[in-house]
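Student: Mind folding the following:
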Amino acid sequence: MNRWLTEHEISCPFCAETITILVDASAGSQDYIEDCQVCCRPIQMTIGVDGDDIRSVQVDCAS
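Tutor: Below you'll find the model as predicted:
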């Protein structure tokens with residue numbers, strides 16, 4: 001796997017299921033919406049990146 005790509009487990013803020021997302025650290029800090037793989041509701045992803053390291057992965061309900 002690419003050294004920039006990292007799998008992260010998150011809990012969906014809607015259905016509470018644990019899902020795995022793939023985070024690309026080469027894109028820097030990011031803010032985007034991705035649908036839950038289980039309930040298909042939109043999740044707001046906020047990814048904090050410092051250099052090569054992913055510092056935080058935060059999720060919230062997207063409106």
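Student: So the nearest residue to residue 35 once chain neighbours are set aside versus residue 52, what's the distance?
Tutor: The shortest distance from residue 35 to any residue other than its chain neighbours is 5.8 Å, reached at residue 42 (C-beta to C-beta, 6 or more residues apart in numbering). C-beta: built from backbone N, CA, C; applies to glycine. When C-beta to C-beta, to the nearest Å is the yardstick, residue 42 and residue 52 sit 29 Å from each other.
Student: Neighbour count for those two, which is higher?
Tutor: Between residue 42 and residue 52, counted using other C-beta atoms under 10 Å, residue 42 has the larger neighbour count: 14 against 9.
Student: List the contacts of that one.
Tutor: Contacts for residue 42 (C-beta atoms under 8 Å, 6 or more residues apart in numbering) come out as 33-36, 61-62.
Student: Can I get the buried part of those as one PyMOL selection?
Tutor: In PyMOL, selecting the buried portion of these, with burial taken from 16 or more other C-beta atoms under 10 Å, looks like this:
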select buried, resi 36
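Student: okay, the contacts of residue 42 in JSON lines with distance to residue 22 next?
Tutor: Listed next are the contacts of residue 42 as JSON lines, based on distance: C-beta to C-beta, whole Å:
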{"residue": "33", "distance to residue 22": "15"}
{"residue": "34", "distance to residue 22": "10"}
{"residue": "35", "distance to residue 22": "14"}
{"residue": "36", "distance to residue 22": "14"}
{"residue": "61", "distance to residue 22": "21"}
{"residue": "62", "distance to residue 22": "18"}
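Student: Which of the contacts of residue 42 fall within strands?
Tutor: 33-35, 61 (DSSP state E).
Student: Just name the closest of the residues you listed to residue 46, please.
Tutor: For residue 46, the closest of those turns out to be residue 33, at 10.5 Å, with distances computed as C-beta to C-beta.
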